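> Show me how the following folds:
(chains A and B)
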Amino acid sequence: MTGHDVPELDPLAAVAGAEVDLSGLRLRLLAEAERDGLLDVVYRTVDAPVGRLLLAATRRGLVRVAYEVEGHDTVLATLAERISPRLLTAGGQLDAVAGQLDDYFSRARSGIDVDLDLRLASRFRLTVLEHLREIPYGSTASYAAVAALAGSPRAVRAVGTACATNPLPIVVPCHRVVRSDGGIGRYVGGDDAKRTLLRLEGAI
Amino acid sequence: MGREPFEAVVERYGPMVLRVCWAVVGPTLAEDAWSETFLAALRAYPELRPGSSVEAWLVTIARNKAIDQLRAQSRRPAPTERLPESIRWEEPDASLDLWDALRRLPRKQRETVAYHYLAGLPYAEVARLLGGNPAAARRAGADGIASLRIMLAPSAQEERSR
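Residues are numbered from 1 along each chain as shown, chains lettered A, B, ... in the order given. Have a look, this model is predicted:
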């Protein structure tokens, strides 16, 4: 690498030592990538009462919402692997979702209404996610009730797995699924986050 | 193991590629060369073999884009040099003096200096890019640096401004 061959009086010091600010070039790259159809996944974070959330979208729609406890870097690495490594920080593409989330957390709206890309869920899990959207704001349903809604009343455990692996928590309201014995049950964002959301919605 | 998000590639190698572009095509065209490099890299990224050197891959693309820029420039009237906004120069005048010296070097020396000293590629990799063997690349690098030192020495600078 550099280092040992570099002479003491480095004639390249002016450029090697100059600080580089890529913000303008990044914006240009983002615009040109969008123009050329190369923006496979864009992402940004938003600060919410449940901690910092990672939002990621494809051309089809919002594909992932992730809590900090999931490890944002890990989530991005998984998106690069499962969808595309052409993954860049968003320009304004996620501003609408971010604004709706702000409104949701200030009780100005009851849900997030944007195009969704559900490709990270498949088969039964996808069926469960689709039925989760039927549980209204402010109410809860038991894992057993969701299993029944999904047409497989005995698949209670599979509903639990579908909720735990929900790629779009908050937007697809898996936090509204609780235990039949009154316990709130586990949650991908942690128990505190689930309690915060249910309190916000007035469900508990 | 898959590839890491492209954002991480921009973050890690973006500044290096801009310095390399600056040294090969000069201040005015550096940002265009950078943009074309990263757009082409983004396009090809899914096909990059995992485990291969991202640095060497980017420098190879940057070199092609830089040569395109130089060819296009040779067909246009020479523009007045303009400093790229993305580089925060401590001494803008010193940067123009350096570019003035760099562009007097034979192109092979200038490129060797850029790829070895600014990109940090080993001479074996530089030789692979430019042709020839590592020993010749090492000589070109040393000769380039020596010439730059002579051209940038205070006495030489005074000579020229007189």
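> Count the residues that sit near residue A:63.
24 (other CB atoms under 10 Å in any protein chain shown). All C-beta atoms are positioned from the backbone trio N, CA, C, and that covers glycine.
> ugh, wrong one, I meant residue B:40
15.
> Counting neighbours, which bits of stretch A:63-71 end up buried?
By neighbour count with 16 or more other CB atoms under 10 Å in any protein chain shown, stretch A:63-71 contains the buried residues A:63, A:64, A:65, A:66, A:67, A:68, A:70.
> Quick check: which ranges of chain B have low pLDDT?
B:1-2, B:78-79, B:157-162 (pLDDT under 70).
> Pick out the residue closest to the middle of it.
Nearest to the geometric centre of chain B sits residue B:20, at 2.3 Å (CA atoms, centre = their mean).
> tell me which element it is part of?
Using DSSP states H and E, residue B:20 sits within helix B:6-25.
> For that helix, output the C-alpha coordinates as CSV.
C-alpha atoms of helix B:6-25 as CSV (Å, rounded to 0.1, in the frame of the first residue of the first chain):
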residue,chain,number,x,y,z
PHE,B,6,-23.0,-0.1,-2.9
GLU,B,7,-23.5,2.9,-0.5
ALA,B,8,-20.6,1.4,1.5
VAL,B,9,-18.4,1.3,-1.6
VAL,B,10,-19.1,5.0,-2.3
GLU,B,11,-18.4,5.9,1.3
ARG,B,12,-15.1,4.0,1.5
TYR,B,13,-13.6,4.6,-1.9
GLY,B,14,-15.3,7.8,-3.2
PRO,B,15,-12.6,10.2,-1.9
MET,B,16,-9.8,8.0,-3.3
VAL,B,17,-11.4,7.8,-6.7
LEU,B,18,-11.9,11.5,-6.8
ARG,B,19,-8.2,12.1,-6.0
VAL,B,20,-7.2,9.6,-8.7
CYS,B,21,-9.5,11.3,-11.3
TRP,B,22,-8.1,14.7,-10.3
ALA,B,23,-4.6,13.5,-10.9
VAL,B,24,-5.3,11.9,-14.2
VAL,B,25,-7.7,14.3,-15.9
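> so what are the domain limits for chain A?
Following automatic domain parsing, chain A resolves into domains at A:23-105, A:123-200.
> Let me have these in TSV, extended by distance to chain B and mean pLDDT.
Output for the domains of chain A, formatted as TSV (distance: least, CB to the nearest CB, whole Å; pLDDT from 0 to 100):
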stretch	distance to chain B	mean pLDDT
domain A:23-105	4	97
domain A:123-200	17	95
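> May I see these organised as CSV, with distance to residue B:111 added?
Converted to CSV, the domains of chain A look like this (distance: least, CB to CB, whole Å):
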stretch, distance to residue B:111
domain A:23-105, 22
domain A:123-200, 46
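> which one of these lies closest to residue B:47?
Smallest distance to residue B:47 across the domains of chain A (CB to CB): 10.1 Å, for domain A:23-105.
> Could I get the buried residue list for stretch B:5-17?
Quick answer for stretch B:5-17 (16+ other CB under 10 Å): B:5, B:6, B:7, B:8, B:9, B:10, B:13, B:14, B:15, B:16, B:17.
> count of residues packed around the closest residue in space to the fifth one that isn't next to it in sequence?
In space, and not counting its chain neighbours, residue B:9 is closest to residue B:54: 6.0 Å by CB to CB, 6 or more residues apart in numbering or on different chains. In terms of burial, residue B:54 registers 17 neighbours under the definition other CB under 10 Å.
> Tell me who's in contact with residue B:54.
B:9, B:12, B:13, B:48 (CB atoms under 8 Å, 6 or more residues apart in numbering or on different chains).
> cool, and residue A:176?
A:132, A:135, A:139, A:140, A:141, A:198, A:201, A:203.
> any idea which helix or strand carries the spatially most central residue of chain A?
When chain A is reduced to its mean C-alpha position, the closest residue under CA atoms, centre = their mean turns out to be residue A:65, at 1.1 Å. Per DSSP H and E, residue A:65 falls inside strand A:62-67.
> If you count contacts, what does that strand end up packed against?
strand A:51-57, helix A:72-82 (3 or more CB pairs under 8 Å, 6 or more residues apart in numbering or on different chains; DSSP states H and E).
> Turn these into TSV, columns for mean neighbour count.
TSV is the format used below for the helices and strands packed on strand A:62-67 (neighbours: other CB atoms under 10 Å in any protein chain shown):
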stretch	mean neighbour count
strand A:51-57	20
helix A:72-82	17
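> closest to residue A:168 out of those?
When these are compared by CB to CB, strand A:51-57 sits nearest residue A:168, at 9.6 Å.
> Give me the sheet partners of that closest one and which way each runs.
Partners of strand A:51-57 in the sheet, by DSSP bridges, are strand A:41-48 (antiparallel), strand A:62-67 (antiparallel).
> what are the ranges of the strands in chain A?
All strands of chain A, identified by DSSP state E, fall at A:19-20, A:41-48, A:51-57, A:62-67, A:87-89, A:141-142, A:177-178.
> could I get these as TSV with distance to residue A:154?
What follows is the strands of chain A, written out as TSV (distance: least, CB to CB, whole Å):
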stretch	distance to residue A:154
strand A:19-20	59
strand A:41-48	36
strand A:51-57	34
strand A:62-67	29
strand A:87-89	39
strand A:141-142	14
strand A:177-178	16
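> Out of those strands, which is closest to residue B:155?
strand A:19-20 (29.7 Å).
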